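Undergrad: Predicted model and sequence below, questions to follow.
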Amino acid sequence: MRRRIALIGALSLVPPSLLTACSISDPKNEKTTAMTSKPSTPEEALTAVGLPVPDAELTLSEGIVNTELLEWSLRVTFTGSAETVQTWMADAFGEGTNGLPVSEDGAPISPRIAPEEVHTGMRWESGSNPRDPNATYTVLISSDGTDVVVAAARTTR
């Protein structure tokens with residue numbers, strides 16, 4: 001009983017901002033809930049891995065499945081002007097980000113990007129959704145900066 005009273009008393013000393021940061025998210029809020037079910041649209045796939053939706057026509061297809069741990073693996077592709085792709089890159093990764101250069105044809109950049117898709121002159125980025133680290137992506141950008149492939153996936157751990 002004394003321990004419970006001590007803990008309750010200690011909570012009154014914790015700054016409210018810290019208590020808010022530790023609060024449990026509302027499961028009805030899509031932006032803070034992990035998407036464990038397979039996205040059905042390209043917009044949902046990009047959102048699930050924490051990437052913005054570009055102002056371009058998007059295509060969704062099945063991705064490469066390379067492990068039994070994958071809950072889903074999808075590919076989102078789009079084509080836009082170099083300016084559209086640059087704007088999307090800035091929104092996704094920050095101003096001035098152009099991606100890492102591909103060093104040679106077929107260089108491995110991700111198990112979800114086939115080696116025959118990777119060519120010198122292309123650029124790439126990879127990462128995960130900050131709110132759901134199991135939702136990962138690899139972005140491959142054509143050498144002319146107009147074609148984008150996003151390999152998005154979510155693993156069970």
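TA: Nice, thanks for sending it over. Remember, it's a predicted structure, so these values are computed and weren't measured experimentally.

Undergrad: May I ask which helix or strand of the protein has the lowest mean pLDDT?
TA: The helix or strand of the chain with the lowest confidence, counting by mean pLDDT, DSSP states H and E, is helix 16-21 at a mean of 39.

Undergrad: Return the residues in contact with the most centrally placed residue in the chain.
TA: For the chain, residue 49 is the residue whose C-alpha lies nearest the centre (Cα atoms, centre = their mean; 2.7 Å). Residues in contact with residue 49 (Cβ atoms under 8 Å, 6 or more residues apart in numbering) are 128-129, 135-137, 150, 152-154. (C-beta placed from N, C-alpha, C; glycine too.)

Undergrad: which residues does the residue lying closest to residue 100 once chain neighbours are set aside form a beta bridge with?
TA: Using Cβ to Cβ, 6 or more residues apart in numbering and skipping residues adjacent in sequence, the residue nearest residue 100 is residue 124, 5.5 Å away. Beta bridges link residue 124 to residue 100, residue 140 when assigned by DSSP bridges.

Undergrad: Report the separation between residue 124 and residue 61.
TA: 19 Å (Cβ to Cβ, to the nearest Å).

Undergrad: May I have the phi/psi pair for the residue nearest to the centre of the chain?
TA: phi -100, psi 10 (degrees, to the nearest 10).

Undergrad: Do a quick rundown of the helices in the chain.
TA: All helices of the chain, identified by DSSP state H, fall at 2-11, 16-21, 42-48, 82-93.

Undergrad: Among the ones you listed, show the one with the smallest mean pLDDT.
TA: With a mean of 39, helix 16-21 has the lowest mean pLDDT of the helices of the chain.

Undergrad: thinking again about what came up before, let's have the contacts of residue 49 in a markdown table, adding neighbour count and distance to residue 40.
TA: Output for these, formatted as a markdown table (neighbours: other Cβ atoms under 10 Å; distance: Cβ to Cβ, whole Å):
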| residue | neighbour count | distance to residue 40 |
| --- | --- | --- |
| 128 | 16 | 21 |
| 129 | 19 | 18 |
| 135 | 26 | 15 |
| 136 | 20 | 19 |
| 137 | 24 | 17 |
| 150 | 26 | 16 |
| 152 | 28 | 13 |
| 153 | 28 | 15 |
| 154 | 26 | 14 |
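
Undergrad: need these in a markdown table with pLDDT, can you?
TA: Output for the contacts of residue 49, formatted as a markdown table (pLDDT from 0 to 100):
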| residue | pLDDT |
| --- | --- |
| 128 | 95 |
| 129 | 95 |
| 135 | 96 |
| 136 | 95 |
| 137 | 97 |
| 150 | 98 |
| 152 | 97 |
| 153 | 95 |
| 154 | 95 |
